[in-house]
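Enquirer: the following block contains a protein sequence and its predicted model.
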Amino acid sequence: MSCTHVTLSTGQMIPSVGLGTWKSIPAQVKQAILAALDSGYRHIDCAAAYGNEENVGEALRERVGPGKSLKREELFLTSKLWNTQHHPDDVEAACRRSLTHLGVSYLDLYLMHWPMAFERGSVMMPSNADGSIRYADTHYIDTWKAMEMLVDQGLVKAIGMSNFNARQTDLILSIARHKPAVNQVECHPFLTQQQLLTHCRDRGVAVVAYSPLGSPNRPWASPGEPALMEDLRIIDIARRYGKTAAQIIIRWHVQRGIICIPKSVTPARIQQNLQVFDFQLTDEDMKLIESFNRNERFIPPTVEKGGKKYRDGLHPHFPFHDPY
Ligand code: NAP
């Protein structure tokens, strides 16, 4: 059955389902990657900010390379540039650090994790005494130009954006020498992103859905918040197809032509999440799931301290003030 891959504007084929690694703690992520590669995953989504790329690298060293079960070319590997490394002088070193940690000589895709620059340095969340984040004034256009040099040098095959809105996407497209291959954004049945999806597609930018299962283990989830995989309407559809809620949601993503990167460290779930190519949702069920949209974002968090709310909404390039 089709939909196993999406072709990017660069001509690269990216597997429609990859393994996410955010919140996969170092002690668990190596086994998760090994389980994923052994069950057929060929797409891994990483980021410097997840703090586990060295452990991902340990697994890759066991399975990928000369004399191992997989050739490097068979794998699609993504990493991301963190907000504290946006200054053009910091970009190449940050990319090389990810390459070293992962133990590879190139990335298939390197994303700007957010359009917002934070204060330069090794502290991931540089903050003031009151908990608010210390920002930097590097514009994402200048960061993009530095990322383009990584393509020129052969360190990465393609570059892309993450968490960019439509206006920011267009600004990058208007100046790009190397066009963004993807925009990786939060997307699931409670946040279907139809307008952004159409906008990106019309411009040849593929969309990667992050938190595709609704990120039930996001650190700031509070009791009573809606849990996508426990939604009775999804469970009802799953029963009808003899599949799990996760499989229904992942199948919905791939049938929309979206790439998605469900995270799991549980081998049985890792396997299950890839078993979505042996059935098809009807048009009615695709539309039904689409109708669950509530434009609800789970990411990023709102931080409350001393009765005040802090979030990156104060940053001049915060992406989510625009309608899409
Ligand atoms: P997610 O993939 O929507 O959900 C992950 C959670 O679902 C984990 O708790 C996992 O549990 C559970 N799960 C996975 N498969 C399941 C199944 N078949 N049945 C029941 N539960 C299942 O959440 P996410 O981690 O937020 O997003 C996925 C990936 O997107 C991230 O890991 C990261 O790579 C990427 N991401 C990118 C950004 C960005 O800013 N670009 C932001 C967020 C996420 P177990 O692990 O315990 O099995």
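Expert: All right, it came through fine.
Enquirer: K179: what's it in contact with?
Expert: Counting by C-beta atoms under 8 Å, 6 or more residues apart in numbering, K179 touches 9, 173, 204-205. The C-beta positions use only the backbone N, C-alpha and C, and glycine is treated the same way.
Enquirer: check the gap between it and the ligand for me.
Expert: 19 Å (C-beta to the nearest ligand atom, to the nearest Å).
Enquirer: got the phi/psi numbers for that residue?
Expert: phi -70, psi 150 (degrees, to the nearest 10).
Enquirer: use 524 as the first number from now on
Expert: Sure, I'll start counting at 524 from here, so that last one is K702.
Enquirer: take the contacts of K702 and keep only those in helices.
Expert: Among the contacts of K702, the members found in helices (DSSP state H) are L696.
Enquirer: please pick the buried ones from the contacts of K702.
Expert: Neighbour counting with 16 or more other C-beta atoms under 10 Å marks 532, 728 as buried within these.
Enquirer: need the max-distance pair from the contacts of K702.
Expert: Spanning the widest gap among these are S532 and L696, at 10.7 Å by C-beta to C-beta.
Enquirer: so what sits against both of the two?
Expert: 702, 728.
Enquirer: quick check: closest non-adjacent residue to M752.
Expert: Spatially, and ignoring its direct neighbours in sequence, M752 is nearest to A768 (4.4 Å; C-beta to C-beta, 6 or more residues apart in numbering).
Enquirer: for the one you found, give me phi and psi.
Expert: Backbone torsions of A768, given as degrees, to the nearest 10, read phi -60, psi -40.
Enquirer: do you know the pLDDT at it?
Expert: According to the prediction, A768 has pLDDT 98.
Enquirer: next: E819.
Expert: 87.
Enquirer: that one contacts L714, doesn't it?
Expert: Yes. Counting by C-beta atoms under 8 Å, E819 touches L714, with 5.6 Å between them.
Enquirer: quick one: which of the two has more around it?
Expert: A direct count of neighbours by other C-beta atoms under 10 Å for E819 and L714 places L714 higher, at 22 against 15.
Enquirer: from S734, how far off is that one?
Expert: According to C-beta to C-beta, to the nearest Å, L714 stands 9 Å off from S734.
Enquirer: hmm, D759 and the residue nearest to M752 touching each other?
Expert: No. Assessed by C-beta under 8 Å, A768 is found out of contact with D759, at 9.7 Å.
Enquirer: intersection of neighbour lists for L714 and S734?
Expert: Taking C-beta under 8 Å, 6+ apart as the contact rule, L714 and S734 both touch F821.
Enquirer: the nearest residue to F802 once chain neighbours are set aside - how many residues pack around it?
Expert: Nearest residue to F802, sequence neighbours excluded (C-beta to C-beta, 6+ apart): Y764, at 6.0 Å. For Y764, the count of nearby residues is 15 (other C-beta under 10 Å).
Enquirer: please, where are all the strands along the stretch 524-673 of the chain?
Expert: For the stretch 524-673 of the chain, strands defined by DSSP state E, counting those that start in this stretch occupy the ranges 528-530, 536-538, 542-543, 566-568, 599-604, 632-635.
Enquirer: nearest to the ligand, of these?
Expert: Minimum separation from the ligand across the strands of the stretch 524-673 of the chain (C-beta to the nearest ligand atom) falls at strand 542-543, 2.5 Å.
Enquirer: report the contact partners of K766.
Expert: By C-beta under 8 Å, 6+ apart, the contact set of K766 is 774, 799, 802.
Enquirer: same thing but 10 Å
Expert: 760, 772-774, 795, 798-799, 801-802, 804 (C-beta atoms under 10 Å, 6 or more residues apart in numbering).
Enquirer: how close does A616 get to the ligand?
Expert: According to C-beta to the nearest ligand atom, A616 stands 21 Å off from the ligand.
Enquirer: could you look up the SS state of V730?
Expert: V730 falls in the strand class when you classify it by DSSP: H, G, I helix; E, B strand; the rest coil.
Enquirer: higher neighbour count, A768 and D759?
Expert: A768 (22 against 12).
Enquirer: isn't L604 up against F641?
Expert: No. Using C-beta atoms under 10 Å, L604 and F641 do not qualify as a contacting pair, with a distance of 11.6 Å.
Enquirer: that concludes my questions; thank you for your assistance.
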